[in-house]
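Asker: below are the sequence and a predicted model; questions follow.
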Amino acid sequence: MTRPRIICHMHMSLDGKIVGDYLPTDVGMASQREFYALAYGPERHYRGHRGWLSGRITTEDNFTHYREPALNEAAATVPDGDYIAVPDSTMNYFSIDPSGQLGWEKNSIDYFDTNAHVVEILSGRASNAYKDLLRRLGISYLIAGDDSLDLELAVEKIAENFGGEELMLGGGGGVNWSFIRAGLCDEVSIVLTPAADGAKGAQTLFEADDRYSAAVPTEFDLQDAQKLDDGSLWLRYTVKGPIS
Ligand SMILES: NC(=O)c1ccc[n+]([C@@H]2O[C@H](COP(=O)([O-])OP(=O)(O)OC[C@H]3O[C@@H](n4cnc5c(N)ncnc54)[C@H](OP(=O)(O)O)[C@@H]3O)[C@@H](O)[C@H]2O)c1
């Protein structure tokens, strides 16, 4: 199996945060529209992908809002392996959720003008009842790894089942850093919003998580810098790797 080219595409404040009170302001929203247009708009720059991949916390914060999944513990045993509910979906939201915790109620999400089919990326820890729920909702799932996620297998399965020579990596900071540390990120694309809120402790672009990744000095190579119409700066880097 071959993996797609992986582009970490994120918007970020001037103080390096990816969440915060700057986001719903006029300046924050204008920058998010530029960010959206580059990857998902009709005239988008990144045209070779069929969706983006995000971590569990990102999905909770934006789509499932920490709801409990409505499980049927008495469900019949589902067939082994992956489940593809919508094989020809043109845009997909690949949702990292190793143990099957997300309280989905439908099989698509809306992001600005884009409707994307939900594809859960599970490990072997996800229960039969959770997979039954996904099947009932028409949500696809791919199983990559036993106790923890095998990220390389996950992206290979995404390419094999949903196509696309590119895959957008859409945060948050924890998942981004794991992909970089695993050598699974080819490009970092940042839309730098001309705003900051100075909040302490807010999520940054990359966050090592002891359970999944280590904090290691890492070098990036600037490929391009462009000023966007709203005053945001679009920065594109390749990942060089750990600095020795
Ligand atoms: N500005 C932007 O462009 C942008 C984009 C996306 C997200 N965000 C924001 O970023 C925030 C969330 O970021 P986050 O860093 O806290 O969380 P995250 O990266 O969204 O999710 C982290 C979770 O993913 C799961 N996971 C499974 N395997 C993993 C692995 N190998 N490495 C890392 N995580 C793995 C873990 O869930 P389990 O605990 O279930 O194991 C982990 O807790 C949200 O508030 C969101 O709105 C901003």
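Answerer: Yes, it's here.
Asker: so which residues on the protein come close to the ligand?
Answerer: Taking CB under 6 Å from any ligand atom, the part of the chain that reaches the ligand is made up of 10-11, 18-19, 54-58, 61-62, 96, 98-99, 101, 149, 151, 170-175, 178, 203, 207, 209, 212-213. For glycine as for every other residue, the C-beta is placed from the backbone atoms N, C-alpha and C.
Asker: go through the longest helix seen in the chain and flag the buried ones.
Answerer: Determined from DSSP state H, the single longest helix within the chain is helix 26-39. When burial is assessed from 16 or more other CB atoms under 10 Å, helix 26-39 yields the following buried residues: 27-28, 30-39.
Asker: stretch 68-86 now?
Answerer: 69, 75, 78, 83, 85-86.
Asker: so which of these is the closest to the ligand?
Answerer: Pro69 (12.6 Å; CB to the nearest ligand atom).
Asker: I'd guessed the closest one sits against Glu105; true?
Answerer: No. Under the criterion of CB atoms under 8 Å, Pro69 makes no contact with Glu105, lying 9.1 Å away.
Asker: Leu134 in helix, strand or coil?
Answerer: Under the three-state scheme (DSSP: H, G, I helix; E, B strand; the rest coil), Leu134 adopts helix.
Asker: how about the contacts made by it?
Answerer: Contacts of Leu134 were listed using CB atoms under 8 Å, 6 or more residues apart in numbering, and they are 83, 85, 104, 120, 140-141.
Asker: measure it to Ile143 for me?
Answerer: Distance of Leu134 to Ile143, given as CB to CB, to the nearest Å: 11 Å.
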